[in-house]
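K.L.:
Sharing a model that was predicted from the sequence below.
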Amino acid sequence: MIIDKNDYEPSFAELLDSAEISIENKGIIDQPRQINLPKDDSIKDQVDLHEKTRDQALEMVKSFLRSCQQAGKSPVRIITGKGEGILQQAAWQYLSTNPDKIISRFKHPGIREGGSGAVDVWLKKNV
């Protein structure tokens, strides 16, 4: 499928990512400045599953969550990417079943931190 750039309408997220703001100073408008929103500093660690197979990704998630829980790191982020949704679905299915009983809760982060292409996971304290 070929997309003509004249027919392409950017998504709201893309517009937000490229947003610029002008600051008025005593009636003079400065040059536009890029908006840099702060990242979520509460995330203690993350794993990136891009370019992994479903099986590789699941093994990485299991190992990552176990080691983070043992180290007392929570919350943590799993970056699945958006793509075809295979890694997203696999990660959410694994998190939903919680086989190791170490997951307290999980959710998508805000759009500026990955949105539906990532999952933030809160782990139970290691006892």
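P.N.:
Sure thing, it's come through.

K.L.:
ok, longest helix in this structure?
P.N.:
Using DSSP state H, we find that the single longest helix of the chain is helix 54-71.

K.L.:
in a helix, that's where I43 is, yeah?
P.N.:
No - I43: not assigned to a helix; according to DSSP: H, G, I helix; E, B strand; the rest coil it is coil.

K.L.:
Is it in contact with R77, as I believe?
P.N.:
Yes - between I43 and R77 there is a contact at 4.9 Å, judged by CB atoms under 8 Å. For every residue, glycine as well, the C-beta is placed using N, CA and C.

K.L.:
Compare those two and say which is more crowded by neighbours.
P.N.:
Using other CB atoms under 10 Å as the criterion, I43 and R77 rank with R77 on top: 22 against 17.

K.L.:
Tell me who's in contact with that one.
P.N.:
For R77, the contact set (CB atoms under 8 Å, 6 or more residues apart in numbering) comprises 43, 45-47, 109, 113-114, 118-121.

K.L.:
Of those, which one scores lowest on pLDDT?
P.N.:
The lowest pLDDT within the contacts of R77 belongs to I43, with 81.

K.L.:
ok, so what distance separates that residue from G110?
P.N.:
Distance, I43 to G110, by CB to CB, to the nearest Å: 11 Å.

K.L.:
element containing the residue nearest to P75 when sequence neighbours are not counted, please.
P.N.:
Using CB to CB, 6 or more residues apart in numbering and skipping residues adjacent in sequence, the residue nearest P75 is W122, 4.7 Å away. Applying DSSP states H and E as the criterion places W122 in strand 118-123.
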